[in-house]
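Visitor: take this sequence and fold it.
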Amino acid sequence: MSETPSDFFTLDDFDLKGKVVFLRVDINSPIHPVTKEVIGVSRFKSHIETINDLRSTKLVIIAHQSRPGKDDFTSLRDHSNQMRRLIGREVKFVDALFGESVEKAIRDMNPGDVLMLENSRFYSEESNLGTTDIETMESSNLVQKLLPLIDYYVVDAFPAIHRAQTTLVGFRRLLPNIAGRLIEKEIRMLDKFRLGSEHPKIAILAGSKIDDSIQVSKSFLENSTVDTIITGGVVANAFLWANGVDIGQKNKDFIIKNNKKHEDLIAICRDLLSKYRDKIKMPVDGVLNPSGRRVEINGKIPDDEIMADIGLDTVVFYTGIIREAKAIFMNGPMGMYEIDQFSVGTREILNYVANSNSLKIAGGGHTLSALEKLDLLNTIDHASTGGGSLISYLSGEPMPVLEALRESKELFKGKEYGRRAV
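Guide: Reported below is the predicted structural model:
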């Protein structure tokens, strides 16, 4: 089911001046293993427009960082410092999600103040509730403690829209839930690609996460979303393997080690090739690591080498397709682009995409990193903040946060403000 911003309340639907607004963002970021400081702020920047549009409110920010058991599962204290530097305003941090310290901090707020609460996943009702039952969420200590403090709840955490966690969907029936500017923009731009009438429409699916890319390939092809899929990296290796090419033991081992259900994934690739062979494009040559040798992909790849990049014949083949495209979605690099020797394919493909006059949508951390490294990020029409959420949305899977936003609008439409008794 497609979503549009009109399905949800947006910041334009209410006069929020002076109101207590809780803003759920996703600023989950790389963390220094020793100092526990944030070392990447791209997700912070994606929320600045929403935060600036809420300048006249009493703004309370809720967010998470990692999950229990992970090395980067840490407090949001430094996140508040990073946010302060980016928005140029004081951001007070409270090391709790609810309780007396939170209540006092909110009572003391004036319009224009910004407060950031502690990592929501420090609390079991966020990280371990394990239910999509709304009544259970609404009766949780977390919701019951926060609800009396909130006038409006704004959700802008696009990278988490595929999660059904309490701070993301648990307030939807209790007071108006509003989509932030990031969610508005993401849905508008992704649907512009997914539902647009421009053709030829292509998807460049590469990188090492083959399960995501195979899932999207299946959806794109079965729904005729794209005319052509260009593969690279480990994604290409999976399709080549499914196509009967002996990709060599090291390449097989990588796929097996990183995908518990690799046999199922290869079977899906094989099925897609049987149905849509003319629409799935695979490399015709590659560059091996460590030898740096170029090989044509028409026989056996050496067992002791990794396919580290596409070759120049493949670059020519792929750029011919890109040149004709009217809309392009890309996720993942062509190879081990972090190593100069194996960055040629990624660099050439991204440069051709950047110079295209087509609609250009990019997603995935490695894709955006490569674009940034090549100073090409500003040539892209939309750089998505989503990872799993991006893949899930493009694949047509249910999106709990979007469903919650839609339900909240149905419950509260026609009312300037109100709480619903449940």
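
Visitor: just the buried positions in stretch 279-295, please.
Guide: Of the residues in stretch 279-295, Lys279, Ile280, Lys281, Met282, Pro283, Asp285, Gly286, Val287, Leu288, Asn289, Val295 count as buried by neighbour count, 16 or more other CB atoms under 10 Å. To be clear about C-beta, it is placed using only N, CA and C from the backbone, and glycine gets the same treatment.

Visitor: in strands only, show me those.
Guide: Of the buried residues of stretch 279-295, the ones assigned to strands by DSSP state E are Ile280, Lys281, Asp285, Gly286, Val287, Leu288, Asn289, Val295.

Visitor: and of the residues you listed, the nearest to Lys36?
Guide: Asn289 (33.8 Å; CB to CB).

Visitor: in the stretch 201-350 of the chain, where is pLDDT below threshold?
Guide: Counting by pLDDT under 70, the stretch 201-350 of the chain has no low-confidence residues at all.

Visitor: residues in contact with the helix or strand where Phe22 lies?
Guide: Applying DSSP states H and E as the criterion places Phe22 in strand 20-24. Strand 20-24 has contacts (CB atoms under 8 Å, 6 or more residues apart in numbering) with 47, 50-51, 54, 57-63, 106, 109, 146, 149-157, 167-168, 171, 180.

Visitor: about what we covered before: and the furthest pair within the buried residues of stretch 279-295?
Guide: Farthest pair in those (CB to CB) is Lys279 and Asn289. Separation: 29.2 Å.

Visitor: just give me the neighbour total for Asp13.
Guide: The number of residues packed near Asp13 is 16, by other CB atoms under 10 Å.

Visitor: got the contact list for it?
Guide: Residues counted as contacts of Asp13 (CB under 8 Å, 6+ apart) are Ile178.

Visitor: kindly report the same for Ile183.
Guide: Counting by CB under 8 Å, 6+ apart, Ile183 makes contact with Phe8, Val155, Asp156, Ala157, Phe158, Ile161, Val401, Leu402, Leu405.

Visitor: in what helix or strand does the last one lie?
Guide: When elements are assigned from DSSP H and E, Leu405 belongs to helix 400-412.

Visitor: which elements pack onto that helix?
Guide: strand 9-10, strand 152-155, helix 166-169, strand 177-179, helix 181-194 (3 or more CB pairs under 8 Å, 6 or more residues apart in numbering; DSSP states H and E).

Visitor: tell me the first helix or strand C-terminal of the last one.
Guide: The reference is to helix 181-194. For helix 181-194, the succeeding helix or strand toward the C-terminus, using DSSP H and E, is strand 201-205.

Visitor: each with direction, which strands does that next one pair with?
Guide: Taking DSSP bridges as the criterion, strand 201-205 sits next to strand 228-231 (parallel), strand 327-331 (parallel) in its sheet.

Visitor: what sits up against the longest one?
Guide: Under the contact criterion CB under 8 Å, 6+ apart, strand 327-331 has outside partners 193, 196, 198-207, 212-213, 216, 226, 322, 350, 353, 356, 358-364, 367, 390-391, 394.

Visitor: ok, 7 Å please
Guide: Defining contact as CB atoms under 7 Å, 6 or more residues apart in numbering, one finds that strand 327-331 is touched by 193, 196, 198, 201-205, 207, 213, 322, 353, 356, 358-364, 367.

Visitor: same check on the shortest one?
Guide: By CB under 7 Å, 6+ apart, the surrounding residues in contact with strand 228-231 are 200, 202-206, 217, 220, 239, 279-282, 318, 321.

Visitor: tell me which helix or strand comes right after it.
Guide: That would be, after strand 228-231 and using DSSP H and E, helix 233-242.

Visitor: which helices and strands does that next one pack with?
Guide: helix 210-222, helix 249-258, helix 262-276 (3 or more CB pairs under 7 Å, 6 or more residues apart in numbering; DSSP states H and E).

Visitor: go again with 6 Å.
Guide: For helix 233-242, the packing partners by 3 or more CB pairs under 6 Å, 6 or more residues apart in numbering; DSSP states H and E come out as helix 210-222, helix 262-276.

Visitor: was I right about Val234 contacting Ala206?
Guide: No - Val234 is beyond contact range of Ala206, at 8.0 Å (criterion: CB atoms under 6 Å).

Visitor: ok, the two, which is more surrounded?
Guide: The neighbour comparison of Val234 against Ala206 (other CB under 10 Å) goes to Ala206, with 29 against 24.

Visitor: look up phi and psi at that one.
Guide: For Ala206, the backbone dihedrals (degrees, to the nearest 10) come out as phi -140, psi -160.

Visitor: got it, and Asn119?
Guide: According to degrees, to the nearest 10, Asn119 has phi -40, psi 120.

Visitor: ok, it - how many residues close by?
Guide: Neighbouring residues of Asn119 were enumerated by other CB under 10 Å; the total is 23.

Visitor: distance of it from Val91?
Guide: Distance check for Asn119 against Val91: by CB to CB, to the nearest Å, it reads 15 Å.

Visitor: next one: Asn289
Guide: Going from Asn289 to Val91 by CB to CB gives 45 Å.

Visitor: again with Lys185
Guide: Taken as CB to CB, the span from Lys185 to Val91 is 23 Å.
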